[in-house]
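1. missing the sequence, but the structure's below:
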């Protein structure tokens, strides 16, 4: 039997957990033990010497060198000489078999140097310190105070025995701008916090937690005095109370404080801070929290994470607020319309199931005979609604259904007419309204994908025309006729009697004449722009397919050219330039564009569309985008709207973290109405949510390797979003997957996918599954075409319908992930805390993680423990007392002292629900 007990002290664990920035109810201590007789197949090979960590790198030829445990800590150390290595680097490996190693990429150092290397198994952090030479004497870690009292020199801090914390006392009296940082090696190569830590002057006892990288400063009378005990009271101080002290109430959970404040119109700039002692020696945040005037707010303060949440309540209508009432915020969803209760099945309609072969259509690009790009349709989707419902999903996200135009438009993102559903999706007995009605009859909601940032290269039917020659006059260089499947002779629309795909009634007379004549495209036509007669082999293809950005109609389009190079991280370019030749940037700030797009969307909302997924969010300026969202939500108050702001990384913005672009193009910015990109809390929830690309971006470094490392760090930033419980989470979608290049459908082991779904279905957010994930469909294929000759049947967008045919459906449902996802949906649907609860007490340790979900102050309450490749024992403290039942195993535990302990088998989850129903669903390969 192998047992591991967390070696860090309670104080150290608290500091590390508090550093995640999430609400902390109490200490979450980790004790896990695994017995082979209890967990078959776990810890074989003499338990893999699981207590060991190994250095592997160029000095030892990537073999395993055991590291030394640092007593009383969670750290391991080694000293290594790098000599003569052309590319000196290393990693830290857990079991010596590469199944768990850190960091994600090799750690590179300088050649010809010895290094003291320290690894912390709790945080999975690696620190490296150059030393003169390696010997057998362990090198103690050291941290230095540097600030105004010592003229930014280095003052060694005192190590706190039995912890990985350090302290010093410093006198800031007389400093004009008192501030400091904590420096690791005395050379600024590693220092904390990111910005200087400012104090109010005076004398301070300063502590630094080297695990959490957390700095605290507590005012004292003189160095050597005992610091005052922690305050049990926190104070609201702001413009409503003249910056006086108003004691906050103790919240429902430990460490939470609340107060209700009315900002009643007296203040030109309504704002506040939370103060600890009432003397400004410790207050949060650094900058004032700015809120909207003429509203009442519930202010929630988490004393562990220092997170402040201003929840906007009713408008204030008295006094000056009554004279000029503020515009109401976007209306909240009515009771029973909370989209957090749903789980989402995302599909490309044209690639899902073919119910009507008569509406199939070949695009002129990437033709594969027998597999028309437009293959699935509404009739086929209606026929498969029961399949989706049986799998347990309650919402279907479909790709944009409005009429499209381009050489490869099966996906729906090249809109040509927002007022018309594309006829290639509809049948005589299965139009869009029929799909919506059929879904609603089964309790399934419809999410319509919407594009408002750009149109197709053909403009907008009936509104604006973009100058092109009719495509049927195009001839390739050399003069040969086109022979491309259904396209014979030319590229005109093969289903049109006049082989034309541009029927825009606002086109000039000469163009409209050719729209209804000359089917073969051989009657000479003089190009009005150049005077050249076509058809002419090899004539400039841009006259058929390209866009001259300088000649676009400025009433409808931006005229700033096309995206290139560094434009992708430049806000001005993102908001004003065209994405590509078939995605032309609309002037969404113009009233005529707003009216056209909004009136079209209103029609679909009136048909019964339940939610909107908005494409290319960062390509619109936030306030402009929110004008549309607010209009839609005013038209349909129950509407849920979320969007795609694609980022490959944390996506926090340069104002908050080490990011290469401003927060004004990052996902969180669009979920807030703050005017300050460095202060998310300076504005309320915008009413708009986003896909959680920040979480997704970690998956290539953790779950793809079978661990949860780093997820806790991402969750520590949840406070920046308007409401993190409304983020839409995912493992992959039609554009990206969790591999090193974010390029392929998930191709890891099946159990690794299963533990990812365990996480997504129990953590905060609304989980979304991309079609086919339930059977590892097209595993390892590129998500989109990749290469000059690739067709979509070779990609993650391949046709799925073959797996839904009567002869194949039994095998489809027999896949272990199919029943796994079905059961997760059943469990989540039965536990409101998993749908809507706040996520508290996150404790992520790589090989597992635990957290609490608390909805409405204990109305629904669950403690979750997740295991990766081997079993875990969990002990979670600070929870509510009462009887807990595991939704996975049915195990019952009664808690009387605030600590819940339980075991979880490999690949599985423990979902202990307070006063819960017990076991939900049947055991499978992973949940058991």
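-> Perfect, I can see it now. Because the structure is a prediction, the values reported are computed rather than measured.

2. going forward, measure contacts between C-alpha atoms and count neighbours the same way
-> Fine.

3. contact partners for the residue sitting nearest the centre point of the chain?
-> For the chain, the residue nearest the mean C-alpha position is residue 692 (1.5 Å; C-alpha atoms, centre = their mean). Contact partners of residue 692, counting by C-alpha atoms under 8 Å, 6 or more residues apart in numbering, are 727-730.

4. closest to residue 275 out of those?
-> Looking at the contacts of residue 692 and their distance to residue 275, the nearest is residue 727, at 30.5 Å (C-alpha to C-alpha).

5. and the residue lying closest to the closest one once chain neighbours are set aside, what pLDDT?
-> Excluding the flanking residues, the one nearest residue 727 by C-alpha to C-alpha, 6 or more residues apart in numbering is residue 765, at 4.7 Å. With respect to pLDDT, residue 765 has a value of 98.

6. and for residue 128?
-> Reported pLDDT for residue 128: 85.

7. give the contact list for residue 112.
-> Contact partners of residue 112, counting by C-alpha under 8 Å, 6+ apart, are 81-84.

8. again, 6 Å this time
-> Residue 112 is in contact with 82-83, counting by C-alpha atoms under 6 Å, 6 or more residues apart in numbering.

9. how close does it get to residue 675?
-> Distance, residue 112 to residue 675, by C-alpha to C-alpha, to the nearest Å: 50 Å.

10. who's in contact with the helix ranked longest in the chain?
-> Longest helix of the chain, by residue count under DSSP state H: helix 591-607. By C-alpha under 6 Å, 6+ apart, the surrounding residues in contact with helix 591-607 are 418-419.

11. now the element after that helix, going C-ward?
-> Scanning forward in sequence from helix 591-607 by DSSP states H and E, the next helix or strand is strand 611-614.

12. the next helix or strand after that following strand: how far from the chain's middle?
-> Next along the chain after strand 611-614, taking DSSP H and E as the criterion, comes helix 622-635. The chain centre lies 22 Å from the centre of helix 622-635; the measure is C-alpha atoms, centre = their mean, to the nearest Å.

13. tell me what the very next helix or strand once past helix 622-635 is packed against?
-> Counting by DSSP H and E, the element after helix 622-635 in chain order, helix or strand, is strand 640-643. Under the contact definition 3 or more C-alpha pairs under 6 Å, 6 or more residues apart in numbering; DSSP states H and E, strand 640-643 sits against strand 611-614, strand 689-690.

14. what segments of the stretch 1-150 of the chain are strands?
-> In the stretch 1-150 of the chain, the strands defined using DSSP state E, counting those that start in this stretch lie at 2-5, 31-34, 54-57, 65-66, 68-69, 75-82, 89-93, 101-108, 113-120, 125-131, 144-147.

15. for residue 840, find the nearest of the ones you listed.
-> strand 31-34 (19.0 Å).

16. pLDDT of the closest one, averaged?
-> For strand 31-34, mean pLDDT rounds to 28.

17. out of the strands of the stretch 1-150 of the chain, flag the one nearest residue 455.
-> Residue 455 lies closest, by C-alpha to C-alpha, to one member of those: strand 101-108, at 39.7 Å.

18. neighbouring contacts of that closest one?
-> Residues from elsewhere that reach strand 101-108, judged by C-alpha under 6 Å, 6+ apart: 88-94, 701.

19. show the buried residues in those residues.
-> The neighbour-count test (16 or more other C-alpha atoms under 10 Å) marks 88-94, 701 as buried among those.

20. got any ranges where this structure has weak pLDDT?
-> Applying pLDDT under 70 to the chain flags the ranges 1-51, 72, 136-140, 225-232, 252-254, 266-267, 287, 305, 322-336.

21. can you do 50?
-> Within the chain, the ranges that satisfy pLDDT under 50 run 1-51, 136-138, 226-231, 324-335.

22. which one of the strands of the stretch 1-150 of the chain lies closest to residue 562?
-> Among these, the nearest to residue 562 by C-alpha to C-alpha is strand 101-108 (34.0 Å).

23. and the helices in the stretch 251-400 of the chain?
-> In the stretch 251-400 of the chain, the helices defined using DSSP state H, counting those that start in this stretch lie at 319-323, 378-383, 385-391.

24. burial of the closest residue to residue 312 other than its chain neighbours, as a residue count?
-> Counting by C-alpha to C-alpha, 6+ apart, residue 297 is the residue found nearest to residue 312 once chain neighbours are left out, at 4.7 Å. Neighbour count of residue 297, defined by other C-alpha atoms under 10 Å: 20.

25. which residue ranges of the stretch 201-350 of the chain form strands?
-> Using DSSP E, counting those that start in this stretch, the strands of the stretch 201-350 of the chain run over 203-209, 214-220, 235-238, 246-247, 249-250, 256-263, 271-275, 283-290, 295-302, 307-315, 344-347.

26. could you redo those as CSV and give each row distance to residue 686?
-> Shown next, in CSV, are the strands of the stretch 201-350 of the chain (distance: least, C-alpha to C-alpha, whole Å):
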stretch, distance to residue 686
strand 203-209, 35
strand 214-220, 30
strand 235-238, 23
strand 246-247, 28
strand 249-250, 27
strand 256-263, 19
strand 271-275, 18
strand 283-290, 14
strand 295-302, 15
strand 307-315, 11
strand 344-347, 22
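
27. dump the residue contacts of the closest residue to residue 214 other than its chain neighbours.
-> In space, not counting the residues next to it along the chain, residue 214 is nearest to residue 208; the distance is 5.7 Å by C-alpha to C-alpha, 6+ apart. Contacts of residue 208 were listed using C-alpha under 6 Å, 6+ apart, and they are 165-166, 214-215.

28. just the residues you listed now: which is nearest residue 649?
-> Of those, the one sitting nearest to residue 649 (C-alpha to C-alpha) turns out to be residue 214, at 22.8 Å.

29. for the closest one, which residues make a bridge with it?
-> Taking DSSP bridges, one finds residue 209 as the beta-bridge partners of residue 214.

30. can we start the residue count at 28 from this point?
-> Understood, numbering begins at 28; the last thing we discussed is residue 241.

31. so it versus residue 224, what's the distance?
-> Separation of residue 241 from residue 224 (C-alpha to C-alpha) stands at 11 Å.

32. again, but for residue 611
-> Distance check for residue 611 against residue 224: by C-alpha to C-alpha, it reads 46 Å.

33. between those two, point out the one with more neighbours.
-> For the pair residue 611 and residue 224, the greater number of neighbours falls to residue 611 (29 against 17), based on other C-alpha under 10 Å.

34. thank you kindly, that will do.
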